[in-house]
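# sequence unknown, structure follows:
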C-alpha cells in the first residue's frame, strides 16, 4: 500500500503529513494517519493504559505521565519538524496505538531518527505495530533519513522478529538494563536499520 503525502511549503522546509491509510486485518478495519491536536486526550489515556498492560514499555503505569496539554505540545512540535513523525492508529472513534519517529537538527546525527511504538493489548495481533513501522519506514526513506534506531526488551521476541524481518539488526546490548516485576534484570537490544 502506497502512502500519500501532503506537502506544507509555508516554511523553508517541507513538512510531510501522512494522509489516512485504511487497513482491514482479520476483520478489523483501522486507519493509520498523522496525529492531530484533537487526539491529545485520547493519546494521554492510551499511553497510560498501555504502560500498565505490559513490561515491554520503559515506564510503569503513571510514570512520566503526559497529560492532554503535553500531547498537544508534542503533536505541534512534531508537525513542525521535518525530522519527526507522529502517527496514530484509529479504530472507529478510538485510538488503538501510536508511533513516533524523533530526530534532531544536529548535523552529525541529523541523518537518523529513533522509532518508538505503543499498541493497546486488546489490539495485538492485527498488525498495527507492523503497519505503523512500515509507514514510518516509508516516510523515513522518502525523506532521505538514512537510519532508524530503536530499543527493545530482550523478552519481546515478537517485536524483535518484526524488526529483523524489516531490515533492522542488533547493533548492541544494554546489559541488565531493566528491572522487571519478577525482581530480575533484563537486557535491552539496540537495533538499527540503515537505508542507503
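Yep, it's here. A quick note: this is a predicted structure, and the numbers were derived from the prediction, not measured. Numbers count the residues shown, from 1 in each chain.

# Which strands or helices does the host helix or strand of residue 43 pack on?
Using DSSP states H and E, residue 43 sits in helix 40-53. Where contact means 3 or more Cβ pairs under 8 Å, 6 or more residues apart in numbering; DSSP states H and E, helix 40-53 is packed against helix 68-80, strand 94-102, strand 112-119. For every residue, glycine as well, the C-beta is placed using N, CA and C.

# among these, which is nearest residue 21?
strand 94-102 (13.2 Å; Cβ to Cβ).

# I would like the residues contacting stretch 116-131, please.
21, 23, 25-26, 28, 30, 32, 46-47, 49-50, 53-54, 57, 89, 91, 96-100, 102, 132-133, 150, 159, 162, 166 (Cβ atoms under 8 Å, 6 or more residues apart in numbering).

# Distance from it to the middle of the chain?
Here the centre of stretch 116-131 is set off from its chain's centre by 10 Å, with Cα atoms, centre = their mean, to the nearest Å.

# again, but for stretch 25-34
How far stretch 25-34 lies from its chain's middle: 16 Å, per Cα atoms, centre = their mean.

# so how far is the first residue of stretch 103-121 from its last?
Using Cα to Cα, to the nearest Å, the end-to-end distance of stretch 103-121 comes to 27 Å.

# Turn the helices and strands packed on helix 40-53 into TSV, including distance to residue 195.
Shown next, in TSV, are these (distance: least, Cβ to Cβ, whole Å):
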stretch	distance to residue 195
helix 68-80	21
strand 94-102	13
strand 112-119	10
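
# which residues of the protein score low on pLDDT?
Scanning the chain for pLDDT under 70 picks out the ranges 1-17.

# where's the most centrally placed residue in it relative to residue 40, distance?
Residue closest to the average C-alpha location in the chain (Cα atoms, centre = their mean): residue 99, at 2.2 Å. Distance, residue 99 to residue 40, using Cβ to Cβ, to the nearest Å: 16 Å.

# Show me which parts of the helix or strand where residue 22 lies are buried, residue by residue.
Counting by DSSP H and E, the element that carries residue 22 is strand 21-25. Buried residues in strand 21-25, counted by 16 or more other Cβ atoms under 10 Å: 21, 23.

# The helix or strand following it vs strand 21-25, what angle?
Of the helices and strands lying after strand 21-25 in sequence (DSSP H and E), the nearest is strand 28-34. Calculated by axes from the mean of the first three to the mean of the last three Cα atoms, to 10 degrees, strand 28-34 forms an angle of 150 degrees with strand 21-25.

# tell me what strand 28-34 is packed against?
strand 15-18, strand 21-25, strand 85-91, helix 128-142.

# Surely residue 84 is in contact with residue 102?
Yes. Between residue 84 and residue 102 there is a contact under Cβ atoms under 8 Å: 5.4 Å.

# tell me, what's touching these two both at once?
78, 113.

# that older thread, hmm, which of the contacts of stretch 116-131 are the buried ones?
21, 23, 30, 32, 46-47, 50, 57, 89, 91, 96-100, 102, 132-133, 150, 159, 162.
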